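Novice: coordinates only, no sequence provided:
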Ligand code: PHE
């Protein structure tokens, strides 16, 4: 099925495949979104639903994306052309939608990553040392500081833009080094380090007085909290967390080794990603509760509470710097996978060189990303411009996460489930018959045809407001 293409790069080993894919899944979503949503939605009960979503939708859609990518060895758009044997196939719209989603996510993700880089810089240069409760708010305001509507931009309010450019320069530099020299080398080094750093943070957090309350908050199962919106928000989080529905895993799947056991890889990545999220929760909540702080502060939880909390501990300065460093790692490796979607598309479909494609895409993201950075809230420089009641920042987030990802995931499930031959799927997922996994493949196919689409239709209808629970 795959065209001979000796020039096409790929990951060198099973370990490289695992770390690169995990590097995509683990991102800003793990460090604050997962613990915050888990806490806000009933703790253990939400976790239970999230696990079910990962098994019933996340892993099957991930396997489907791997299948599409490795079977064709093509980017998110070209893969549909190859699989259908029709260059004009309407299914390639899924890939084009994925490229669009990658841009939309990057416009605001690069902004948030800029805040993380800035905090990391501040932590390492000692600027967060001894910061007081009254100072963390203004500090956060200065970091996200997106100017004021109707006032000229000052040099100070431009700092988030400068950090956004720094983020895109780092991401672009790594990506221009290629799949093996860039993505593989960086994720293989950073991912194990991330685990190490987060475990150090956990040990400190879990040995604080009163840490038990935080653990309780995270794991207490209250079944009365399981409502339809909670189930749907767990499903949506599973999607964003595992980088699904927009061609990232198709693109990475196209770089997989021939002997990779893709069902196992999907299971291991989903389990490890969930583990990182839990470890992040175990670093944050016991600490927050031990110091009597507010657990449901959202983005502020990470950027305002954590500096304050770590400052009050022995070795707090070093731990704080480590914490932001690992958040930088997580955000950077996730962004590599986001920008790789348009890069692979440009290189293979539009025949542009990798370096040119990287420069073009990173500059485009940094430029359009300015609109997100200057519209963080209504009082921001561009805050008065609203589309469907949302500023640029929220609009990019809403359109990508709530509309394109669930729709893309649904289309991918339907495409693989109903438009691909059973034998082709079995052949690819068993590595041409070398793996004895027929029963697993059958179970996968059943889920992808019936269970996942049903759940995805529910989440999608809820996202666009057609169906309200
Ligand atoms: N999974 C990443 C995170 O948790 C975000 C992401 C979404 C990355 C979609 C790639 C594609 O932060």
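Specialist: All right, it came through fine. Since the model is a prediction, treat every value here as computed from it, not as a measurement. Numbers count the residues shown, from 1 in each chain.
Novice: whichever residue of the chain sits closest to the ligand: neighbour count?
Specialist: In the chain, the residue that lies nearest the ligand is residue 27 (2.1 Å; CB to the nearest ligand atom). Where C-beta positions appear, they are placed from N, C-alpha and C, glycine not excepted. Counted with other CB atoms under 10 Å, residues neighbouring residue 27 total 28.
Novice: quick check: closest non-adjacent residue to it.
Specialist: Excluding the flanking residues, the one nearest residue 27 by CB to CB, 6 or more residues apart in numbering is residue 334, at 3.0 Å.
Novice: for residue 401, same thing?
Specialist: Going by CB to CB, 6+ apart, residue 401 has residue 240 as its nearest residue, at 5.5 Å.
Novice: now that neighbour: which helix or strand?
Specialist: Element membership of residue 240 [criterion: DSSP states H and E] is helix 228-241.
Novice: residue 425 reaches residue 449, doesn't it?
Specialist: No. At 10.7 Å, residue 425 does not count as touching residue 449 under the criterion of CB atoms under 8 Å.
Novice: quick one: which of these two has more around it?
Specialist: Each of residue 425 and residue 449 has its neighbours counted (other CB under 10 Å); residue 425 has more, 21 against 16.
Novice: circling back: now the residue of the chain closest to the ligand. Its backbone dihedrals?
Specialist: phi -160, psi -160 (degrees, to the nearest 10).
Novice: give me the pLDDT value at it.
Specialist: On pLDDT, residue 27 comes in at 93.
Novice: go on, the one 3 residues further on?
Specialist: Reported pLDDT at residue 30 in the predicted model: 90.
Novice: identify the residues contacting the closest residue to it other than its chain neighbours.
Specialist: Spatial nearest neighbour of residue 30, excluding adjacent residues (CB to CB, 6+ apart): residue 277 at 4.5 Å. With contact taken as CB atoms under 8 Å, 6 or more residues apart in numbering, residue 277 is in contact with 29-30, 34-35, 241.
Novice: now the helices for the stretch 251-400 of the chain?
Specialist: 262-290, 299-300, 306-311, 316-349, 354-373, 392-397 (DSSP state H, counting those that start in this stretch).
Novice: which of those sits closest to residue 142?
Specialist: Closest approach to residue 142 among those (CB to CB): helix 306-311, 12.8 Å.
Novice: and that closest one, how far from the chain's centre?
Specialist: 25 Å (CA atoms, centre = their mean, to the nearest Å).
Novice: state the mean pLDDT of that helix.
Specialist: Mean predicted confidence for helix 306-311 is 78.
Novice: what do you get for stretch 206-217?
Specialist: Averaging pLDDT along stretch 206-217 yields 87.
Novice: end to end, how far does it reach?
Specialist: End-to-end distance of stretch 206-217 (CA to CA, to the nearest Å): 13 Å.
Novice: same check on stretch 373-390?
Specialist: Stretch 373-390 has an end-to-end distance of 14 Å (CA to CA).
Novice: for the remainder of this discussion, apply numbering that starts at 14.
Specialist: That works, and once the first residue is 14, the last one we named lands at stretch 386-403.
Novice: which other residues reach that stretch?
Specialist: 124, 127, 157, 159-162, 164, 166, 170, 173-174, 177, 384, 404-406, 408, 411.
Novice: circling back: ok, now which ones touch the residue nearest to residue 40?
Specialist: Per CB under 8 Å, 6+ apart, neighbours of residue 347: 36-42, 122, 256.
Novice: which one of those residues is nearest residue 364?
Specialist: residue 37 (25.4 Å).
Novice: ok, that closest one - contacts?
Specialist: 256, 261-262, 265, 346-347, 349-351.
Novice: same check on residue 29?
Specialist: 193, 197, 200-201.
Novice: please report the distance of it from residue 199.
Specialist: As judged by CB to CB, to the nearest Å, residue 29 and residue 199 stand 11 Å apart.
Novice: repeat for residue 235
Specialist: According to CB to CB, residue 235 and residue 199 sit 41 Å apart.
Novice: which of those two has more neighbours?
Specialist: Neighbour count, other CB under 10 Å: between residue 235 and residue 199, residue 199 has more, with 21 against 11.
Novice: all the strands of the protein, in order from the start?
Specialist: Remark: no strands are assigned in the chain by DSSP state E.
Novice: and this protein, which of its residues are near the ligand?
Specialist: When proximity is defined as CB under 6 Å from any ligand atom, the chain approaches the ligand at 37-38, 40-43, 118, 253-254, 256, 259, 261, 347, 350-351.
Novice: which residues does residue 417 contact?
Specialist: Residue 417 makes contacts with 110-111, 113-114, 117, 258-259, as judged by CB under 8 Å, 6+ apart.
Novice: on that earlier part again, the contacts of residue 29, buried ones only, as a PyMOL selection?
Specialist: Those of the contacts of residue 29 that count as buried under 16 or more other CB atoms under 10 Å are selected in PyMOL with:
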select buried, resi 197+200+201
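Novice: was I right about residue 173 contacting residue 129?
Specialist: No. Using CB under 8 Å, residue 173 is not in contact with residue 129; the gap is 11.3 Å.
Novice: point out where this structure drops to low pLDDT.
Specialist: Scanning the chain for pLDDT under 70 picks out 14-20, 159, 169, 309-313, 325, 473, 475-478, 480-482.
Novice: residue 282: neighbour count?
Specialist: Here the number of neighbours of residue 282 (other CB under 10 Å) works out to 28.
Novice: cool, residue 194 as well?
Specialist: Residue 194 has 12 neighbours, counted by other CB under 10 Å.
Novice: does residue 245 touch residue 470 like I think?
Specialist: No. Judged on CB under 8 Å, residue 245 makes no contact with residue 470 at a distance of 11.4 Å.
Novice: those two: which has the busier surroundings?
Specialist: Neighbours per residue, other CB under 10 Å: of residue 245 and residue 470, the larger number sits with residue 245, 22 against 14.
Novice: what's the separation between the more buried one and residue 216?
Specialist: To residue 216, residue 245 is 35 Å away according to CB to CB.
Novice: same question for residue 324.
Specialist: Taken as CB to CB, the span from residue 324 to residue 216 is 18 Å.
Novice: quick one, which of those two is more surrounded?
Specialist: Between residue 324 and residue 216, residue 324 has the larger neighbour count (other CB under 10 Å), namely 18 against 10.
Novice: identify the residues contacting the residue lying closest to that one once chain neighbours are set aside.
Specialist: Among residues not flanking residue 324 along the chain, residue 144 sits closest, at 5.9 Å (CB to CB, 6+ apart). Listed by CB under 8 Å, 6+ apart, the contact set of residue 144 reads 152, 320-321, 324.
Novice: how about 10 Å then?
Specialist: Contacts of residue 144 were listed using CB atoms under 10 Å, 6 or more residues apart in numbering, and they are 135, 152, 317, 320-321, 323-324, 333.
Novice: for residue 168, grab the count of nearby residues.
Specialist: 7.
Novice: residue 134 too?
Specialist: When neighbours are defined as other CB under 10 Å, residue 134 has 16 of them.
Novice: so it touches residue 180, yeah?
Specialist: No. Look at residue 134 against residue 180 with CB atoms under 10 Å: they stay out of range, at 11.8 Å.
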